[in-house]
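**Q** What follows is a predicted protein model with its sequence.
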Amino acid sequence: MINIKIFSPTGNIYDGNVSHVTFPGELGSFSVYPSHAPIISTLVKGHIVCFPPEGEKQMISIESGFVEVKENQITVCVEQHSEQNNDKKQNHG
């Protein structure tokens, strides 16, 4: 399990546990799973897709940002966002 916290200048966007998460990176999208190696990466316009252990995935649209992964803890800072919950039309597995 991974704990993820997503912030924007206006406040907290997402705070919870996920089985994995996908990010829009500069060189393409990438996923983070439990016990991932520590990284810091910039994010580009796209969607952060959070996969909670139970329930529907949550998509968060962003303009830009950065992510830090360290010891099953993910911290994300983003600019401009909008949430798209329970998107069943796309398969990210």
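**A** Received the coordinates, thanks. Since the model is a prediction, treat every value here as computed from it, not as a measurement.
**Q** use CA for all of it now, contacts and neighbours both
**A** OK.
**Q** Please identify which helix or strand holds the residue positioned nearest the centre of the chain.
**A** In the chain, the residue lying closest to the centroid (CA atoms, centre = their mean) is Ile48, at 4.1 Å. Assigned by DSSP states H and E, Ile48 belongs to strand 46-51.
**Q** which helices and strands sit right next to that strand?
**A** The contact analysis (3 or more CA pairs under 8 Å, 6 or more residues apart in numbering; DSSP states H and E) places strand 46-51 against strand 20-25, strand 58-70.
**Q** The residue nearest to the centre of the chain reaches Ile62, doesn't it?
**A** Yes: assessed by CA atoms under 8 Å, Ile48 is found in contact with Ile62 at 7.4 Å.
**Q** For the spatially closest residue to His20 that is not a sequence neighbour, the count of nearby residues, please.
**A** Nearest non-adjacent residue to His20, counting by CA to CA, 6 or more residues apart in numbering: Tyr33, 4.7 Å away. Neighbourhood size, Tyr33 [other CA atoms under 10 Å]: 14.
**Q** Check Gly11 too.
**A** That count, for Gly11 with other CA under 10 Å as the rule, works out to 9.
**Q** Sketch out the low-pLDDT regions of the protein for me.
**A** 81, 83-93 (pLDDT under 70).
**Q** The same query, at a cut-off of 50, please.
**A** Within the chain, the segments meeting pLDDT under 50 span 87-93.
**Q** Would you check how far apart the residue nearest to Pro38 when sequence neighbours are not counted and Ile6 are?
**A** Of all residues not flanking Pro38 in the chain, Lys70 sits nearest, at 4.7 Å (CA to CA, 6+ apart). To Ile6, Lys70 is 14 Å away according to CA to CA, to the nearest Å.
**Q** coming back round to it: for the residue nearest to Pro38, which residues are in contact?
**A** With contacts defined as CA atoms under 8 Å, 6 or more residues apart in numbering, Lys70 is in contact with 36-39.
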